[in-house]
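Engineer: Turn this into a model:
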Amino acid sequence: MRACRQAAIATGVTETTRAPFASRPERSRGRRHPEPPSRLRTAFARDRDRLIHTTAFRRLRHKTQVFVAPDGDHFRVRLTHSLEVAQIARTLARALALDEDLTEVLALGHDIGHPPFGHSGDDALAEAMRPHGGFDHNSHALRIVTRLEQRTPAFDGLNLSWEVLEGLAKHNGPVSAPGWALADVDSEVGLELCSHASLEAQVASLADDIAYHAHDLDDGLRAGLLELDAVACEVPMVDALWRAVRAAWPGERRKARLVPLLVRELIGAMVDDLLAETSRRLATLAPQDADSIRAAGQPTAAFSAGMERDIGPLRRHLGERFYHHPSVARLRAPAEQLVAVLYRRLCEDPGALPERWRETLPHDAVGRARHVGDYVAGMTDRFAIREHERLVGPSPVSLHGLP
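Structural biologist: Numbers count the residues shown, from 1 in each chain. This is a model prediction of the structure:
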């Protein structure tokens, strides 16, 4: 305990800089495998660094956000999205006097369980694995950090703090019916799935909402799949912000200079509202510690009802005009086909797995099927395309979309 407190002081983090309801690394519920504390980093800072150094985190640079195997240099992928979420989450945590390192690691890790091809890959793998318990990317994130990352002979996984595991499991709220992967982790570390997570986890989740609403709008406009005038016509909040940006720069006609300001103002509006509503709820709840947040019975971090109404039209517009745009939607079926065929092929012939995966192949049928699912889920878009070409034949998806 003394060494941990000294590490906190060395990094500039002390109890006086955090709110009473913030998570405290010196009071962490610990790790499954006991380790001596770091001399230089708090427990949560150490967890963040461990996550960043994983192969799973590095693979996010070649995993789809919206566009499948994007060939444009400027479109977001899972890695850039995660970095943007972390930036927003850390700003929110600082404003609320929360533990910034815990908030950051949860933001960086929130998408680490995604398979190739975004939600198309999710759906295909969930269907293919349905006879064996299914697949869920949130639960798979827990499987990655507790099982699949193997960076020391001492234990499987990253041996992260309980608070990080809890936040990854419950950042979207309590889990009443966990799937097999999450239930497996919960049976070992006791994640209290029926309660809310820490305020850091709640903030990280809403930072994700802020990032994808603003940045998907940005990507959609950049790709030419969205028209700003049409967005402004259907989304009053965007219309008001766009008018304000143009009024501030009346002589500027280059939208390429003004759209980034619109995106910034949109993020700022959501951040300001989230801080105001969360502060209001905190004043009502008056929590004395992090466990008071968990026991509140409702989310403590939230947008106001007015902001929820304002975001609704933007969410609908993105769904109808961007996520389901023909040029995006036409790749869904081929991507789902690719993942399903790869999974089936490897289940039929596990000998085609890499040596490391063959060596750890379980003997029972369910275990083998889930093992193959782990392998497929870890693939990047481009590696999945190449594996399909190696094992099956010409891929229904190329590195630049449809073949």
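Engineer: ok, what's across the strand from residue 398?
Structural biologist: Beta-bridge partners for residue 398, by DSSP bridges, are residue 401.
Engineer: Pretty sure it sits against residue 385.
Structural biologist: Yes. The pair residue 398 and residue 385 qualifies as a contact (C-beta atoms under 8 Å) at a distance of 6.8 Å. The C-beta positions use only the backbone N, C-alpha and C, and glycine is treated the same way.
Engineer: Which one's more surrounded, the two?
Structural biologist: Legend: neighbour count by other C-beta atoms under 10 Å for residue 398 and residue 385, higher for residue 385 (24 against 16).
Engineer: Where does the more buried one fall, secondary structure wise?
Structural biologist: In this assignment (DSSP states H and E), residue 385 forms part of helix 381-391.
Engineer: List the contacts of that helix.
Structural biologist: Helix 381-391 is contacted from outside by 62-64, 68-69, 116-117, 121, 338-339, 341-342, 345-346, 352, 376, 379, 395-399, using C-beta atoms under 8 Å, 6 or more residues apart in numbering.
Engineer: hmm, try it at 6 Å
Structural biologist: Residues from elsewhere that reach helix 381-391, judged by C-beta atoms under 6 Å, 6 or more residues apart in numbering: 62, 64, 69, 116, 117, 338, 342, 345, 352, 395, 397, 399.
Engineer: May I ask which of those residues has the most neighbours?
Structural biologist: The member of the contacts of helix 381-391 that has the most neighbours, counting by other C-beta under 10 Å, is residue 116 with 31 neighbours.
Engineer: what number of residues lie near the nearest residue to that one once chain neighbours are set aside?
Structural biologist: In space, and not counting its chain neighbours, residue 116 is closest to residue 384: 4.3 Å by C-beta to C-beta, 6 or more residues apart in numbering. For residue 384, the neighbour count with other C-beta under 10 Å is 25.
Engineer: Next: residue 337.
Structural biologist: When neighbours are counted by other C-beta under 10 Å, residue 337 comes out with 16.
Engineer: what residues are up against the nearest residue to it once chain neighbours are set aside?
Structural biologist: Closest residue to residue 337 apart from its sequence neighbours, by C-beta to C-beta, 6+ apart: residue 396 at 5.2 Å. Each residue near residue 396 by C-beta under 6 Å, 6+ apart is listed here: 334, 337, 338.
Engineer: Closest to residue 221 out of those?
Structural biologist: Closest to residue 221 out of the contacts of residue 396 is residue 334 (25.6 Å), distances taken as C-beta to C-beta.
Engineer: That closest one: helix or strand, and which one exactly?
Structural biologist: In the assignment (DSSP H and E), residue 334 maps to helix 332-348.
Engineer: Thought residue 115 was touching residue 125, still the case?
Structural biologist: Yes. Counting by C-beta atoms under 6 Å, residue 125 does reach residue 115; the two are 5.2 Å apart.
Engineer: quick one on the thing from earlier: with only the CA atoms kept, save the helix holding residue 334 in PDB.
Structural biologist: The C-alpha coordinates for helix 332-348 follow below in PDB (Å, rounded to 0.1, in the frame of the first residue of the first chain):
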ATOM      1  CA  ARG A 332     -22.000  -5.900 -45.900                       C
ATOM      2  CA  ALA A 333     -23.200  -9.100 -47.500                       C
ATOM      3  CA  PRO A 334     -19.800  -9.900 -49.000                       C
ATOM      4  CA  ALA A 335     -18.000  -9.100 -45.700                       C
ATOM      5  CA  GLU A 336     -20.400 -11.400 -43.800                       C
ATOM      6  CA  GLN A 337     -20.000 -14.100 -46.400                       C
ATOM      7  CA  LEU A 338     -16.200 -13.900 -46.100                       C
ATOM      8  CA  VAL A 339     -16.200 -14.200 -42.300                       C
ATOM      9  CA  ALA A 340     -18.700 -17.000 -42.300                       C
ATOM     10  CA  VAL A 341     -16.900 -19.000 -44.900                       C
ATOM     11  CA  LEU A 342     -13.500 -18.500 -43.100                       C
ATOM     12  CA  TYR A 343     -15.000 -19.600 -39.800                       C
ATOM     13  CA  ARG A 344     -16.600 -22.700 -41.400                       C
ATOM     14  CA  ARG A 345     -13.400 -23.600 -43.300                       C
ATOM     15  CA  LEU A 346     -11.300 -23.500 -40.200                       C
ATOM     16  CA  CYS A 347     -13.800 -25.400 -38.100                       C
ATOM     17  CA  GLU A 348     -13.700 -28.200 -40.700                       C
END
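Engineer: Show me what it is packed against.
Structural biologist: Applying 3 or more C-beta pairs under 6 Å, 6 or more residues apart in numbering; DSSP states H and E, one finds that helix 332-348 contacts helix 118-128, helix 365-377, helix 381-391.
Engineer: who's in contact with the helix or strand following it?
Structural biologist: Remark: after helix 332-348, the chain's next helix or strand is helix 355-359, criterion DSSP H and E. Identification of contacts with helix 355-359 by C-beta under 6 Å, 6+ apart yields residue 375.
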